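Chemist: Predicted model and sequence below, questions to follow.
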Amino acid sequence: KTHPILLTRTPYSVGPYGLNAYKTRLGPSPDFEKNRYIFVFQDVRGRYMSQGEFVNMRPHVPKLPGSSESIDESTDTYDTIEYLVKSLPGNNGHVGQWGISYPGFYTSAGAIDSHPALKAVSPQAPIADWFFDDFHRNGAFVLPMGFSFFSSFGKARPVPTTESAGGFQFPTRDGYQFYLDLGPLSNVDARYFKDEIGFWNDIEAHPNYDAFWQARNILPHLKNIKAAVLTVGGWYDTEDLYGPLATYEAIEKQNPGISNGLVMGPWYHGQWAGDDGSKLGQAEFGFPTSLWYQQNVLLPFFEHHLRGAGNGYMPEMTAFETGANRWRQFATWPPAEVVSTSYYFGQDGLLTTDAAKVTKGADSYPSDPRKPVPYTMEITNNWARDYVTEDQRFASWRPDVLVYRSEVLKDSVTLAGPIPVELWVTSTQSDADWVVKIVDEYPGLLGSTGRNRDSRENINSGRQELVRAGVIRGRFRDGFQEPKPMVPGEATRVSFELSDIFHT
């Protein structure tokens, strides 16, 4: 028999290496191994055992008719597939590609100007634009993620090797205190990296969304895609939430007529391939969501496009509805039945849809950079994974956090899609980070009035579950290329968007 090829290109090592060294796992799920594919793994150019020079998020080079082709991840993938279908015995001439996170970016790049044999691709948690994915959130730099990642990944590899570079050894588990004591960002290189991490120097040299970062935005290049596409992401992915949503949207706009679907589940980064997806942190979903997706969406997608099995039907959007804990499928995203609703901040911490209840006035709070609000209560020097479902009472109790509450909901309310935020702010300083969180507050024994009163106290009583959080650095309020200082004491409009949610 002949079998389809399933390709993964990665900067994280295809090891173990050697004729008698085998992976313990080959496919996106065990079902792929049972169904028999030809699994191919490739170290990308300049990583581990591949020759050449590695370039982080290598910029795409648009191809001009009649010109000699420059090297990028699209051409490297094309050449790889050309070799595979001609050289591997027993292949059926159909190739699929998949990968999570950085390998998700290589999957997206491989789909551009698709090789004729490439029939199906699944970019999963793909990096799309590295200024917005991972390291910057509307201009606010995510220090613990960038520091931890590049302390090992950023080290040079002058010659091919099977060995990893090794990571930074923190002197403490308390990352909050470690980064507070670090001082200015320049101390990272002065104290620890010692000019050995080239891309860290690039990050320091390019704090704004300049040509360096714009070249590392693959979204405008996602064109001439002939393969079917299934992009996968997690609502609770703290690293690459922007990537899958933006990738799906860019492919949809720039490749009319192709099969292009999106899956968003209740997962942390890569959880859909890591565990059964029945819970995350303090949130429980009632059943193994990862297994449902693997068996009902991912495997049928590749089986149809690489073998011709099944009818090939795939809805535009397969989304897990958190809170209600169920899978839903839609022809468009956001769903066609969404109704735009405005919520206003009111006096005495009121959150209301009634603009008539909002009077003139302002709320104030102190902001002390020496005692910043932590994003998690977890004591870790790593980038915390489960904080996206964490109880937010630790934040709402602080004097430097404003809380606005709606009335107790009499009926369920479902939020779907992105959440635009508009703030009018005044600061005593020339810059500030503005953080907005949407929280689902559980009933509980709250105060002597018995508001939200539940007859029985339980583990969720009064829990303030984080649904979505977002941040913008004030100097980027009018754009990310040319920052502008805020004028102390001047009322200023600051607007940005919280990434999509689907929560009841």
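Modeler: That came in fine, so what should we check first?

Chemist: how close does the nearest residue to Glu490 once chain neighbours are set aside get to Gln294?
Modeler: Among residues not flanking Glu490 along the chain, Thr426 sits closest, at 6.7 Å (CB to CB, 6 or more residues apart in numbering). C-beta here means a position set from N, CA and C on the backbone, and glycine is covered the same way. From Thr426 across to Gln294, the span is 50 Å (CB to CB, to the nearest Å).

Chemist: Identify all contacting residues around the biggest helix by length in the chain.
Modeler: For the chain, the longest helix by residue count, based on DSSP state H, is helix 73-87. With contact meaning CB atoms under 8 Å, 6 or more residues apart in numbering, helix 73-87 is reached by 5, 7, 9, 40, 42, 44-45, 58, 60, 69, 91, 93, 95, 97, 105-106, 109-110, 112-113, 115, 117-118, 221.

Chemist: about what we covered before: since we're on the residue nearest to Glu490, how many residues are nearby?
Modeler: For Thr426, the count of nearby residues is 13 (other CB atoms under 10 Å).

Chemist: Same question for Ala336.
Modeler: Applying other CB under 10 Å, I find that Ala336 has 8 neighbouring residues.

Chemist: Mind listing residues that contact stretch 147-161?
Modeler: By CB under 8 Å, 6+ apart, stretch 147-161 touches 11, 46-51, 54, 134, 164-168, 179, 188, 192-193, 196-200, 203, 381-383.

Chemist: of the contacts of helix 73-87, buried ones?
Modeler: The neighbour count (16 or more other CB atoms under 10 Å) marks 5, 7, 9, 40, 42, 44-45, 58, 60, 91, 95, 97, 105-106, 109-110, 112-113, 115, 117-118, 221 as buried among the contacts of helix 73-87.

Chemist: Please narrow these to those residing in strands.
Modeler: 5, 7, 9, 40, 42, 91, 95, 97, 118 (DSSP state E).

Chemist: that older thread, just the buried positions in the longest helix of the chain, please.
Modeler: For helix 73-87, burial by neighbour count (16+ other CB under 10 Å) applies to 73-78, 80-81, 84-85.

Chemist: Closest one to Arg468 out of these, please.
Modeler: Glu73 (31.1 Å; CB to CB).

Chemist: How much space separates the closest one from Val55?
Modeler: Glu73 is 9 Å from Val55, by CB to CB.

Chemist: before we move on, what about Val494?
Modeler: Taken as CB to CB, the span from Val494 to Val55 is 35 Å.

Chemist: Also Gln295?
Modeler: 38 Å.

Chemist: same check, this time on Trp292
Modeler: Distance from Trp292 to Val55, by CB to CB: 38 Å.

Chemist: Would you map the helices across the stretch 151-300 of the chain?
Modeler: With helices called from DSSP state H, counting those that start in this stretch, the stretch 151-300 of the chain shows them at 175-182, 186-187, 198-205, 211-214, 242-254, 289-293, 299-307.

Chemist: Can you redo those helices as JSON lines, where the extra columns are distance to Leu262 and mean neighbour count?
Modeler: Shown next, in JSON lines, are the helices of the stretch 151-300 of the chain (distance: least, CB to CB, whole Å; neighbours: other CB atoms under 10 Å):
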{"stretch": "helix 175-182", "distance to Leu262": "33", "mean neighbour count": "15"}
{"stretch": "helix 186-187", "distance to Leu262": "40", "mean neighbour count": "11"}
{"stretch": "helix 198-205", "distance to Leu262": "30", "mean neighbour count": "15"}
{"stretch": "helix 211-214", "distance to Leu262": "25", "mean neighbour count": "15"}
{"stretch": "helix 242-254", "distance to Leu262": "4", "mean neighbour count": "22"}
{"stretch": "helix 289-293", "distance to Leu262": "12", "mean neighbour count": "20"}
{"stretch": "helix 299-307", "distance to Leu262": "12", "mean neighbour count": "21"}
